[in-house]
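**Student:** no FASTA, just this:
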Ligand SMILES: Cc1ncc(C[n+]2csc(CCOP(=O)(O)OP(=O)(O)O)c2C)c(N)n1
């Protein structure tokens, strides 16, 4: 073994993650970033309707937490969790079909473009109500406990969501019943145009966990290694029956709340500062230093992802929209179909 290889091996040991894990994290960061940027372009080209919530800048929070979860583990996402969808393994073609609202998507085109879900991959299509998925994921954790399964549930939300009543009820319930929950707050400093300082009179939203009797920790959400290791600890605690953890990831979205928001309530200096902490660039630097990434390897990866995206876009655009009757399927009421003339 050369001196270089020995130094890299000892650095890997210090980091505490395997080569395979680091490469897996990086691949998912890149797949998320490239697909996200592609959706922004497709939206501008009028290729799908509604709007689009980009998570560019925040990828390490979703990828770092989700990487290594089992299919049976449940994720309750919000509207900015493309990284969780990609990393948990929803195929690109299903993700694109979802954004394009086609019948070939897991929800058959019924929900918002960014409300990614997959029964197979254990991701609940979120409702639009902010923090709603926190409550549903907590219910899943309760089910796991009753079924005596060592699966976990993860809820993702922004700091703005922590100001809602249902959010507090969910965490209180999880604390009381020691549920296998991981609550992940993506604190990107803004809830639409409202600053984090107007969501709570505390510096760290992780402190809210104290009130519910479980640990809360604030971390650098743009460092995928830190996020992954923190999440792995929380997941191990949850699987062992030791209850929930609240992880607050400090991060930043590079673009507007959605693609129709110019974000002119923020200072450009703030954005520039955060761009210097780009989670992808940081992962690339680390992997390059460790000898795991070269310019050529990166090019090959990008090319592979581009191909996968093109194939997925073609699949989605060639798929049909659902028939109107589809709106009456997979719902609880037996009163459907409802006809307008009956009112
Ligand atoms: C109950 C409710 N109020 C308002 C909205 C509109 N809305 C959608 S996302 C959002 C901001 C949420 O902020 P945060 O939870 O911090 O997540 P972020 O958008 O920053 O990722 C708002 C106000 C909504 N969907 N539901």
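**Tutor:** Everything's here; your move. All values derive from a computational prediction rather than experimental measurement.

**Student:** burial count for the residue in the chain positioned nearest to the ligand?
**Tutor:** Ranked by C-beta to the nearest ligand atom, the top residue of the chain for proximity to the ligand is residue 158, at 2.1 Å. All C-beta atoms are positioned from the backbone trio N, CA, C, and that covers glycine. Using other C-beta atoms under 10 Å, residue 158 is surrounded by 26 other residues.

**Student:** same question, residue 169
**Tutor:** Neighbour count of residue 169, defined by other C-beta under 10 Å: 14.

**Student:** Kindly report the same for residue 40.
**Tutor:** Counted with other C-beta under 10 Å, residue 40 comes out at 14.

**Student:** Now the closest residue in space to residue 11 that isn't next to it in sequence: phi and psi?
**Tutor:** In space, residue 11 comes closest to residue 290 once its chain neighbours are excluded; the distance is 6.2 Å by C-beta to C-beta, 6 or more residues apart in numbering. In terms of degrees, to the nearest 10, the main-chain angles of residue 290 are phi -80, psi 0.

**Student:** From residue 61, how far out is the closest residue in space to residue 178 that isn't next to it in sequence?
**Tutor:** Counting by C-beta to C-beta, 6+ apart, residue 178 lies nearest to residue 243, which is 3.7 Å off, once chain neighbours are set aside. For residue 243, the distance to residue 61 equals 22 Å [C-beta to C-beta, to the nearest Å].

**Student:** Next: residue 162.
**Tutor:** Taking C-beta to C-beta, one finds residue 162 at 15 Å from residue 61.

**Student:** Which secondary structure state does residue 262 sit in?
**Tutor:** coil (DSSP: H, G, I helix; E, B strand; the rest coil).

**Student:** er, residue 149 I mean
**Tutor:** Following three-state DSSP, the label given to residue 149 is coil.

**Student:** Do I have it right that it meets residue 70?
**Tutor:** No - applying C-beta atoms under 8 Å as the test, residue 149 and residue 70 come out as separate, 10.3 Å apart.

**Student:** Need the phi and psi values for residue 212.
**Tutor:** phi -110, psi 10.

**Student:** residue contacts, the nearest residue to it once chain neighbours are set aside?
**Tutor:** Spatial nearest neighbour of residue 212, chain neighbours left out: residue 175 (3.5 Å); criterion: C-beta to C-beta, 6+ apart. Contact partners of residue 175, counting by C-beta atoms under 8 Å, 6 or more residues apart in numbering, are 212, 213, 214, 243, 244.
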